[in-house]
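Chemist: got a structure for you, letters missing:
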């Protein structure tokens, strides 16, 4: 089944404790992206990647890092999480043409 | 630069009534336009997309949307609402200028169906 898989789905952590949210897709998509969803703000792009070793900032990159060493994986790294990073995070991927995002199920992160 | 405005963060309609969710966009290049639906505790699912072919686009679950360039709109409609349509709906725009793909989302409209 074609899908985007995120882990963990739920996580409660404390300020400053590094964490990684993994994202993997099995569709051989070149493009991958991370979004965060907050009430009243919709989805805002954090980082995206056009292909392996090619990443770029989205609208809200502060406090996050990403890497794209393999085509299928695009982990989101929070080096020193803070409470304002409490949010629902979505990973998504797409082929270049047509450009249609397939989303993961989401990862709900709480930073205390 | 591109942006999306969804009018009405909450919309309530009676079961069997017309559903109309409004979306206006801004884009400096010819846009791709999308509607996504998010059911409770789930990810986003594509409802339909406009990619410069027919201006009236049909999607899943009986939804459709019409691209109106003169009004910069891409409103979502369904003739008869069903209880299962209760969800949050997001309009999104993507610049057609490949090489810097970015999907910009609106803030969402929560649709409630009244029995």
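Modeler: Looks like it came in fine. All figures in this text were calculated on a predicted structure; none of them were measured in a lab.
Chemist: OK, contacts around the residue lying closest to residue B:43 once chain neighbours are set aside?
Modeler: Closest residue in space to residue B:43, ignoring its immediate chain neighbours: residue A:103 at 4.0 Å, by CB to CB, 6 or more residues apart in numbering or on different chains. To be clear about C-beta, it is placed using only N, CA and C from the backbone, and glycine gets the same treatment. Neighbour list for residue A:103: A:4, A:90-92, B:36, B:43-45 [criterion: CB atoms under 8 Å, 6 or more residues apart in numbering or on different chains].
Chemist: how about 10 Å then?
Modeler: Residue A:103 is in contact with A:3-4, A:6, A:33, A:35, A:43, A:90-93, B:36, B:38, B:42-46, counting by CB atoms under 10 Å, 6 or more residues apart in numbering or on different chains.
Chemist: Ok, residue B:13 next?
Modeler: Residues near residue B:13 by CB under 10 Å, 6+ apart: B:19-21, B:78, B:80-81, B:85-86, B:111-114.
Chemist: most neighbours, which of the residues you listed?
Modeler: residue B:21 (25 neighbours; other CB atoms under 10 Å in any protein chain shown).
Chemist: Torsion angles phi and psi at that one?
Modeler: Note on residue B:21: its backbone torsions stand at phi -120, psi 130 [degrees, to the nearest 10].
Chemist: do the same with residue B:61
Modeler: Note on residue B:61: its backbone torsions stand at phi 60, psi 30 [degrees, to the nearest 10].
Chemist: ok, and what's touching the least confident helix or strand in chain B by mean pLDDT?
Modeler: Lowest by mean pLDDT, DSSP states H and E among the helices and strands of chain B is strand B:103-105, with a mean of 87. Strand B:103-105 has contacts (CB under 10 Å, 6+ apart) with A:31, A:33, A:35, A:37, A:41-45, A:48, A:58-59, A:92, A:94, A:99-101, B:1-4, B:6, B:25-27, B:31-32, B:34, B:36, B:44, B:90-95.
Chemist: got it, and stretch B:50-70?
Modeler: Outside stretch B:50-70, the residues within contact range by CB under 10 Å, 6+ apart are A:97-100, B:19, B:21, B:23-25, B:30-35, B:37, B:45-49, B:73-82, B:84-85, B:87, B:89, B:91, B:93-94, B:96.
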